[in-house]
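A.B. asks: Starting from these lines, generate the structure:
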Amino acid sequence: MQTEQIVRTFTEYLQDRGHRRITGSTLLPPPGDPVLFTTSGMHPLTPYLEGRPHPLGRRLVNVQRCLRTTDLEEVGDRTHLTVFEMLGSWSLGDYEGPQSLDWGYGLLTEGFGIDPGRLHATVFGGDEQCGPDTDSLELWQRHGVPVERTVEDNWWSNGPTGPCGPDSEIFLWTGDTPPESTPTGDDRWVEVWNHVMMRHRRLDDGSLVPLPQRNVDTGLGLERLAMLLQGRGSVHECDVFDPWRRLLPPLWPLDEPSQRLVGDHLRSAVVVIGDGVHPSNTGRGYVLRRLVRRVLTVLRQDDPGRTLGDLPDELIRHTLDRFRQDVEPSLVRQVLLDEERRFDRLLQQGRRILGRPRFRGPLGEEDFHYLHETHGLPRELVTSLRER
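C.D. replies: Below you'll find the predicted structure:
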């Protein structure tokens, strides 16, 4: 099942159950949102989750592009990406968690044809502030799906304060043997879909108060689902990455983890630039700068002559089309090349600075902090220069 068919199956299944499809936003969150980038489908919907009536009603579905920097160090493994697409559905004060989970089970097993015997669920087991999620537990028991109860792993929040609530996560077994253990005990269980019962608001003092309405907010990573349905070994092997896997290895021979990082970060940089962000030393621009410089650090380790000028136009155009961005590939290329020139100047400066007697021995945390804050040399670049 190709990615576009997955999207159609997901949205049509929920539209048949009264959900209206809404247009996903850019990576830039709405005014007033404290995060730099949209990290989940719920961000643009925060006012409606807090009680404002949505013009399209109480049942919604969409596809939202997201960016997460919290997983940056994990990019290159089999399940994490920097920029990805999130399939989402919402009940704004309408149906409750068990109905959402029941539809989720039906979509996974009937719509996508997943063997129910490969599913496992987790539910919130309760703590001193909120009781156990017995409704979700009973729903999974009726379907014969094994359930694991946790506390912290099944409580969703958007930060230290704000909307939050218990969630139930659905996992799919990816091992070669019959399912074993539980999701917290075996990483061959891969999280597929999270259903959040968003009923509370956490205040500054840590206490919980009810939201004006009881919502359900679900999120399902598109590339991760495609990986599972297409029988691929990682998200980097699903169909949306096919052009990257075809064109990058002959251009820049790298080991598999490095190939994944370069493909992910360049693809993410194209999307960020396509949404109007330019490199800078702060905020969103710094995230973009960090992505590009991590790519260049990897590329230059074995061959200083590698340049982003060799990046095929096909990959830039494919990514812009994939994320429905009306930007000329030449503009994206120019931003990348300008940043590469800045990086080269930084390399020259870094070599001079690291040649000083102070930095010839082992470096401590104070040294790394000084080099970054005073000279703009990030840790990974310093480490790379010292290895040469």
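A.B. asks: Counting by contacts, list what the helix or strand harbouring Val270 packs against.
C.D. replies: Element membership of Val270 [criterion: DSSP states H and E] is helix 256-274. Using 3 or more Cβ pairs under 8 Å, 6 or more residues apart in numbering; DSSP states H and E as the contact test, the elements touching helix 256-274 are strand 59-67, strand 83-92, helix 242-251, helix 283-302, helix 313-322, helix 329-354. Every residue, glycine included, has its C-beta placed from N, CA and C.
A.B. asks: Throw these into a markdown table and include mean pLDDT, thanks.
C.D. replies: As requested, these are exported to a markdown table (pLDDT from 0 to 100):
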| stretch | mean pLDDT |
| --- | --- |
| strand 59-67 | 96 |
| strand 83-92 | 96 |
| helix 242-251 | 96 |
| helix 283-302 | 91 |
| helix 313-322 | 96 |
| helix 329-354 | 92 |
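A.B. asks: tell me the most buried of these?
C.D. replies: Here the criterion is mean neighbour count by mean count of other Cβ atoms under 10 Å, and of these the winner is strand 83-92, at a mean of 24.
A.B. asks: these two touch, right, Ala269 and Arg290?
C.D. replies: No. Using Cβ atoms under 8 Å, Ala269 is not in contact with Arg290; the gap is 9.8 Å.
A.B. asks: Between the two ends of stretch 124-132, what distance do you get?
C.D. replies: With Cα to Cα, to the nearest Å as the measure, the ends of stretch 124-132 fall 6 Å from one another.
A.B. asks: And the contacts of it?
C.D. replies: 123, 133, 136, 149-151, 154-155, 166-168, 200, 207-208 (Cβ atoms under 8 Å, 6 or more residues apart in numbering).
A.B. asks: which among those residues end up buried?
C.D. replies: In terms of neighbour count (16 or more other Cβ atoms under 10 Å), the buried residues within the contacts of stretch 124-132 are Val123, Asp133, Ser136, Arg149, Asn154, Trp155, Pro166, Asp167, Ser168, His200.
A.B. asks: Now intersect those with the strands, please.
C.D. replies: The strands in this structure, assigned by DSSP state E, contain Val123, Arg149, Trp155, Pro166, Asp167, Ser168, His200 from those.
A.B. asks: which pair in the residues you listed spans the largest distance?
C.D. replies: For those, the farthest-apart pair by Cβ to Cβ is Arg149 and His200; their separation is 18.9 Å.
A.B. asks: check contacts around Ser181.
C.D. replies: Counting by Cβ under 8 Å, 6+ apart, the residues that Ser181 touches are Trp189.
A.B. asks: one step back: just give me the closest of the contacts of stretch 124-132 to His369.
C.D. replies: Within the contacts of stretch 124-132, the smallest distance to His369 is 33.7 Å, found for Trp155 (Cβ to Cβ).
A.B. asks: quick revisit: and the angle from the helix holding Val270 to helix 313-322?
C.D. replies: For helix 256-274 against helix 313-322, the angle between stretch directions is 60 degrees (axes from the mean of the first three to the mean of the last three Cα atoms, to 10 degrees).
A.B. asks: For stretch 299-314, what is the spacing between the initial and final residues?
C.D. replies: Using Cα to Cα, the end-to-end distance of stretch 299-314 comes to 20 Å.
A.B. asks: What helices and strands are in contact with whichever strand or helix holds Glu12?
C.D. replies: The secondary structure element spanning Glu12 is helix 3-15 (assigned by DSSP H and E). The helices and strands touching helix 3-15, judged by 3+ Cβ pairs under 8 Å, 6+ apart, are strand 59-67, strand 83-92, helix 97-106, helix 222-229.
A.B. asks: could those go into JSON lines alongside distance to Asp302?
C.D. replies: Putting these into JSON lines (distance: least, Cβ to Cβ, whole Å) gives the following:
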{"stretch": "strand 59-67", "distance to Asp302": "28"}
{"stretch": "strand 83-92", "distance to Asp302": "26"}
{"stretch": "helix 97-106", "distance to Asp302": "45"}
{"stretch": "helix 222-229", "distance to Asp302": "28"}
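A.B. asks: Mind checking the ones you listed for the one nearest to Leu315?
C.D. replies: Relative to Leu315, the nearest member of those by Cβ to Cβ is strand 83-92, separated by 13.9 Å.
A.B. asks: Pull the distance from the closest one to the chain's centre.
C.D. replies: The gap between the average C-alpha position of strand 83-92 and the chain average comes to 11 Å, counting by Cα atoms, centre = their mean, to the nearest Å.
A.B. asks: Ok, stretch 307-324 next?
C.D. replies: Using Cα atoms, centre = their mean, the mean C-alpha position of stretch 307-324 is found 20 Å from that of the whole chain.
A.B. asks: distance between the ends of it?
C.D. replies: Between the opening and closing residues of stretch 307-324 there is a gap of 27 Å (Cα to Cα).
A.B. asks: Give me the contacts around it.
C.D. replies: Defining contact as Cβ under 8 Å, 6+ apart, one finds that stretch 307-324 is touched by 65, 240, 243-244, 247-248, 251-252, 266-267, 270-271, 274, 292, 295-296, 326-327, 329, 332-333, 336-337, 340.
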